[in-house]
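Colleague: can you look at this prediction? I've put the sequence above it.
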Amino acid sequence: MTGNYKTVEWLGDRLLIIDQTRLPQHETYLELADHHQVAEAIRSLWVRGAPAIGVAAAYGIVLGVQKIESRDHKEFLKQYHTVAEELAGTRPTARNLFMAVERLNAAAEAAADILTARNAILAEAEKIQAEEIEATRKIAELGADLINDGDTIMTHCNTGPLATTGYGTALGVIIEAHRRGKRIQVLATETRPLCQGARLTAWELKKEHVPFRLITDSMAGYFLKEARVDMVITGADRIAKNGDTANKIGTYGLAVLAAANKVPFYIAAPSSTFDPELPTGDDIIIEERSPDEVTHQNGKRVAPEGIEACNPAFDVTPGGYITGFITETGIRKLP
Ligand SMILES: CSC[C@H]1O[C@H](OP(=O)(O)O)[C@H](O)[C@@H]1O
């Protein structure tokens, strides 16, 4: 399925994750023992990527429920919802997180008694992870058909196994094309301010021996204009009914530049990232992260003291800029 590393693994009473903030220098695994630690892991991006945070949140709820001692069903459900709300409050943009919480809420509410609820909640979390792994396997297979021998593909942020607990989305497509022997080149953007591209995509592509070059975000237009890119593929965090897509900050600019240079722009995402209740991207909540992530690098201040910095973690690309959505059920166009 993936390289010789784990992203999120359920251990029965603890959740094993790789600490993505320490990559690529350190491959550090953490065993999270309660839902507070899982919530912190999602907030701090020790685990990140829309599908991965959905799976982590699901198991975080399971850990929280394991600690509920009440034998009163009503009290149990009350405490269940306190746990679920803590996980739901970690990051606002990725649809997968809320899909997972909603599915576990339904499992908890439908159970006739506490023991049934405990078993149903765990079963649903395991089902979500299994579905995400299978969905990313299919995305990789279907998407790789779009890539031709000799293509140069640009990608943004990190969308590999690290971001999904499975095969990856956009990066899963790229890795599968390479595995099929297609002679591809990848241009991976560094993806400031947290450099998921420079740190995580570079680490994953190097492990898979996929030929790539790391570029700064500001170089993307140059390569798209110089006709040195055959397609752009990125991931997604939330996709509205009309195809408007929230993804890592910088994606919108890439999509506009791709359109201006007539380069196909694909989004690779599982069904769990689509939000059919959302008519357009206008109402997608964009996570605002700490300005320190912009003024500091590796914890060291690089900007002067006392200045203001902005740090929206995502932007929304209008569906009209998106050539197609690579999903586990096929290549979709929206609306
Ligand atoms: C395969 S979804 C990955 C998706 O999530 C990333 O955001 P973050 O690193 O902040 O969790 C980025 O938007 C990727 O496209």
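Modeller: Now that the structure is in, tell me what you want to look at. Numbering: from 1, shown residues only.

Colleague: hmm, the helix ranked longest in the chain touching the ligand?
Modeller: In the chain, assigned by DSSP state H, the helix with the most residues is helix 114-144. No - using CB under 6 Å from any ligand atom, helix 114-144 stays clear of the ligand, with a minimum separation of 8.1 Å. In short, each C-beta sits where N, CA and C put it, glycine included.

Colleague: and Ala50, what does it touch?
Modeller: 94-97, 163-164, 235-238, 269, 272-273 (CB atoms under 8 Å, 6 or more residues apart in numbering).

Colleague: filter the residues you listed by proximity to the ligand?
Modeller: Okay, of the contacts of Ala50 touching the ligand (CB under 6 Å from any ligand atom), that's 163-164, 235, 237.

Colleague: restricted to strands, list those.
Modeller: Among those, no member falls in strands (criterion: DSSP state E).

Colleague: looking at these, which one is closest to Val173?
Modeller: Of all these, Gly235 has the smallest distance to Val173: 10.1 Å, by CB to CB.

Colleague: my read: Arg180 touches Ala144, true?
Modeller: Yes - assessed by CB atoms under 8 Å, Arg180 is found in contact with Ala144 at 6.0 Å.

Colleague: so the two - more neighbours on which side?
Modeller: Shown here are Arg180 and Ala144; by other CB atoms under 10 Å, Ala144 has more neighbours (20 against 13).

Colleague: what are the neighbouring residues in contact with that one?
Modeller: 173, 176-177, 180, 182.

Colleague: tell me the residues of this structure that contact the ligand?
Modeller: 48-51, 157, 159, 163-164, 169, 196, 234-235, 237, 247-248, 313.

Colleague: tell me the spacing between the most centrally placed residue in the chain and Trp10.
Modeller: In the chain, the residue lying closest to the centroid (CA atoms, centre = their mean) is Gly49, at 2.2 Å. For Gly49, the distance to Trp10 (CB to CB, to the nearest Å) stands at 17 Å.

Colleague: just Ala259 next, same as before
Modeller: For Ala259, the distance to Trp10 - CB to CB - is 42 Å.

Colleague: contacting residues for the residue nearest to the centre of the chain?
Modeller: Gly49 neighbours (CB under 8 Å, 6+ apart): 158-159, 162-164, 235.

Colleague: pull the most distant pair out of these.
Modeller: Leu162 and Gly235 (11.3 Å).

Colleague: name the residues of the longest helix of the chain that come out as buried.
Modeller: Buried residues in helix 114-144, counted by 16 or more other CB atoms under 10 Å: 114, 117-118, 120-122, 124-125, 128-129, 131-133, 135-144.

Colleague: ok, stretch 73-83 next?
Modeller: Within stretch 73-83, the residues that count as buried by 16+ other CB under 10 Å are 76-77, 79-80, 83.

Colleague: which residues of this protein fall in helices?
Modeller: For the chain, the helices defined by DSSP H occupy 35-43, 50-66, 73-88, 95-110, 114-144, 161-164, 170-179, 196, 202-207, 220-225, 251-260, 292-295.

Colleague: now those as TSV including mean pLDDT?
Modeller: Formatted as TSV, these follow (pLDDT from 0 to 100):
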stretch	mean pLDDT
helix 35-43	98
helix 50-66	98
helix 73-88	98
helix 95-110	98
helix 114-144	98
helix 161-164	97
helix 170-179	98
helix 196	98
helix 202-207	98
helix 220-225	98
helix 251-260	98
helix 292-295	98
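
Colleague: minimum distance to Arg14: which of those has it?
Modeller: It is, among those and with distance given as CB to CB, helix 50-66, at 7.6 Å.

Colleague: next, the angle helix 95-110 makes with that closest one.
Modeller: Interaxial angle, helix 50-66 versus helix 95-110 (axes from the mean of the first three to the mean of the last three CA atoms, to 10 degrees): 30 degrees.

Colleague: neighbours of Ile175, just the number please.
Modeller: 26.

Colleague: let me fix that: Gln37
Modeller: Neighbour tally, Gln37, other CB under 10 Å: 17.

Colleague: report the contact partners of Glu109.
Modeller: Contacts of Glu109 by CB under 8 Å, 6+ apart are Leu77.

Colleague: so what are the domain limits for this protein?
Modeller: As assigned by automatic domain parsing, the chain contains the domains 8-137, 143-332.

Colleague: outside of stretch 216-226, which residues touch it?
Modeller: Residues contacting stretch 216-226 (CB under 8 Å, 6+ apart): 154, 156, 187, 189-192, 215, 229, 232, 250, 253-254, 257-258, 260-261, 263.

Colleague: then stretch 247-267?
Modeller: Stretch 247-267 is contacted from outside by 143, 146, 154, 156-157, 170, 189, 191-192, 196, 217, 220-221, 224-225, 227, 229-237, 239, 245, 312-318, 321-326, using CB under 8 Å, 6+ apart.
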